[in-house]
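J.: coordinates only, sequence not included:
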């Protein structure tokens, strides 16, 4: 219950963080798009106002009639050139005298002047700056005010207005669309955040469960030999005057459990270093057949002492680059397993050959074998098909996990299958990188 509460709390935290991240991204994206659209729409109107302003200053006279010249009505002129003499009709020019009065009411139009400009006051603080304004709280304009350069008239300032109702409508609608889309995206982000938080929690939960299982199994494996050693030592302490030969069995069992405990500790340390990527391979060139033969030679004698037969068939004739110590450990693990789970008159075989451009190391036996449904778990840590039988043989369920790690570090694969006749077959495939021996 406590574990589930922690997982839910962490998942909620991940969900909130993902939601905040999505919301911030969508918000920034929305502002950028909105700003770009607004800038793009007003760029055209600002260009037209500035072109009109330049045209007025060039002509030296400020009447609309002076901007029209019959030579400039030539329809054959390019559109850009004609626009210089025929500005956008949306633009309205207002002339102001030095007293702040409009002096071109006739050109503006009586209706327009009386309805919108009669009470309007000129602002000369921001000359040559394009500014937004709303007349009568109804219509939107952008305008620019600049000084008149013609000294032969009463005009002191010229103000150019351009209507921007269409642009403002587009911006307003686009802003509403951005808000709507952002709201939809935020709602979708909640679902996406929930899904991503669950995905993020999966490896954490798996790691937690594996760690918990590992600690429980390790504790169990460590507790058993420690209990045996403790009991035997306490028994010896009850009879301090006894001779060693009379307590030989207790001492031998304690030593056996001590060795088992030492091996278990060493295996646990190897796997812990493997998980932390602390252990690095020290690779060197190895003659595969010669190496396998040297490792297997002592085991031939051991097998004979147990009335078993260990045979070799080495046909790789290849040099590879590998960590000799780890490869030795791999082969020892496979041979130890083969010896543990075979009976008298059984045979153990070690073969090397090249297949699909890979070095294959094959270890087979005619022992008790592994049930087919259990083969997928055989490389899991602390997994033992028969715990009682494994304990009798001194197994801890870590050897094949270490073997799998060694093969993986060498960019190879290890598989287990049932032997053709009886027993088990382990097949290790390692990449062939070196050239064939002469």
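T.: Nice, I can see it. As the structure is a computational prediction, the values presented were derived from the model and not from experiment. Numbering: from 1, shown residues only.

J.: and the helices in this structure, which stretches?
T.: Applying DSSP state H to the chain gives helices spanning 2-59, 79-83, 105-108, 110-112, 165-238, 248-275, 288-305, 324-340, 387-393, 399-409.

J.: tell me how far residue 363 lies from residue 306.
T.: Distance of residue 363 to residue 306, computed by Cβ to Cβ, to the nearest Å: 17 Å. For every residue, glycine as well, the C-beta is placed using N, CA and C.

J.: more crowded one of these two?
T.: Between residue 363 and residue 306, counting by other Cβ atoms under 10 Å, residue 363 is the more crowded of the two (23 against 15).

J.: my guess is the more buried one meets residue 335, correct?
T.: Yes. Assessed by Cβ atoms under 8 Å, residue 363 is found in contact with residue 335 at 6.8 Å.

J.: in the chain, where is pLDDT below threshold?
T.: For the chain, the stretches flagged by pLDDT under 70 are 1-3, 60-88, 213, 217, 220-221, 275-279, 385-396, 433-438.

J.: of all residues in it, which one is nearest the centre?
T.: Against the mean C-alpha coordinate of the chain, by Cα atoms, centre = their mean, the closest residue is residue 200 at 10.2 Å.

J.: grab the nearest non-local neighbour of that one.
T.: residue 14 (5.1 Å; Cβ to Cβ, 6 or more residues apart in numbering).

J.: next one: residue 265
T.: Per Cβ to Cβ, 6+ apart, closest to residue 265 is residue 222, 8.0 Å.

J.: and for residue 23?
T.: Closest residue to residue 23 apart from its sequence neighbours, by Cβ to Cβ, 6+ apart: residue 186 at 5.8 Å.

J.: same thing with residue 12?
T.: residue 197 is the one closest to residue 12 (Cβ to Cβ, 6+ apart), at 7.5 Å.

J.: that neighbour: neighbour count?
T.: Neighbour count for residue 197, taken as other Cβ under 10 Å: 19.

J.: how far away is it from residue 255?
T.: From residue 197 across to residue 255, the span is 53 Å (Cβ to Cβ).

J.: could you do residue 111 as well?
T.: Applying Cβ to Cβ, the value for residue 111 to residue 255 is 115 Å.

J.: the more surrounded of those two?
T.: Comparing residue 111 with residue 255 by other Cβ under 10 Å, the one with more neighbours is residue 255, at 12 against 8.

J.: now do that one against residue 231, distance only.
T.: With Cβ to Cβ as the criterion, residue 255 and residue 231 are 14 Å apart.

J.: what does residue 304 give?
T.: Between residue 304 and residue 231 the distance, using Cβ to Cβ, works out to 36 Å.

J.: can you list residues touching both of residue 363 and residue 335?
T.: 348, 350 (Cβ atoms under 8 Å, 6 or more residues apart in numbering).
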